[in-house]
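Participant: okay, here's the prediction I keep looking at, along with the sequence it came from:
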Amino acid sequence: MNATALKDSEFHQFQAWLYRAAGINLSPAKKPLVAGRLFKRLKHHQLASYGDYFQMIMSREAVEELQVALNLLTTNETYFFREPKHFDFLREQVLPEASPARVFRLWSAASSSGEEPYSLAMTLADGLGSTPWEIIGSDISSQVLAKARTGHYPMARASTIPQPLLVKHCLKGTGSQEGTFLIDRSLRNRVHFMHINLNETLPDTGVFDVVFLRNVMIYFDQETKRKVVARILPRLKSGGYFIVSHSESLNGITDDLKLITPSIYCKP
């Protein structure tokens, strides 16, 4: 098959579908990204055009391929201890107030390949002492969740993990695993990964002391942001914290949270 171009009309089909399915607003500047990420799937299925591929994933028989396309178009770059001030805030302001009499629960609602929830797990393991805790990590991409569950990463990804935490909570690969590291099993056992689409009715996850929803709302328009935040808020305990990325704000999205410091909100 010769290389094929993604026509504007085809791009608009993917654009409208991704908005319906995931609330993600693809700007026209993302057209090369869509073409690049889906091209291998056209080749794999020996299809002549992106339009043919779109028709295929819309058919009832292609549920698995639909998830493949969703995985390819929603995977975002992430790394350990991204935006360190949030981890400082947790360690210094939130964890000292936690009650040892009950389980401290945290939701990483756009967990990608696991770097954020495992960074949070290291922070909680060090900051909570004997207080019990658990983390839920969720994402719309089944592919990144499968990667996250392994807790296994190339050593290059370890560069942003503080050295004491790396030594304490990660195992260095040897032999055939050289050049990689593994999150310690005691942490992996306390992080549970779930496939959740924030654009749909949420499953019953119970309530949380802290919700991290970082670096995902940049892809949503204002109306979708309002709906997503409104779905999540009942899952946050009174007095709980809602944390977005430094490039995001809940201004004009909800009146139910109080701004503590830029990107960090509290539910009164």
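Facilitator: Happy to help now that I have it.
Participant: any idea where the strands of the protein begin and end?
Facilitator: Here the chain has its strands, by DSSP state E, at 104-108, 133-139, 152-154, 170-172, 180-183, 191-195, 208-212, 236-243, 258-261, 264-266.
Participant: in the longest one, which of the residues would be classed as buried?
Facilitator: Yep, that's strand 236-243 we're talking about. 236, 240-243 (16 or more other C-beta atoms under 10 Å). Every C-beta, even on glycine, is put in place using the N, C-alpha and C of the backbone.
Participant: can I get the strands of the chain in JSON lines including distance to residue 120 and mean pLDDT?
Facilitator: Shown next, in JSON lines, are those (distance: least, C-beta to C-beta, whole Å; pLDDT from 0 to 100):
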{"stretch": "strand 104-108", "distance to residue 120": "6", "mean pLDDT": "98"}
{"stretch": "strand 133-139", "distance to residue 120": "6", "mean pLDDT": "97"}
{"stretch": "strand 152-154", "distance to residue 120": "16", "mean pLDDT": "96"}
{"stretch": "strand 170-172", "distance to residue 120": "15", "mean pLDDT": "96"}
{"stretch": "strand 180-183", "distance to residue 120": "12", "mean pLDDT": "97"}
{"stretch": "strand 191-195", "distance to residue 120": "8", "mean pLDDT": "97"}
{"stretch": "strand 208-212", "distance to residue 120": "7", "mean pLDDT": "98"}
{"stretch": "strand 236-243", "distance to residue 120": "10", "mean pLDDT": "98"}
{"stretch": "strand 258-261", "distance to residue 120": "18", "mean pLDDT": "96"}
{"stretch": "strand 264-266", "distance to residue 120": "14", "mean pLDDT": "98"}
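Participant: of those, which is nearest residue 38?
Facilitator: Proximity to residue 38, assessed across the strands of the chain by C-beta to C-beta, is greatest for strand 133-139 (19.5 Å).
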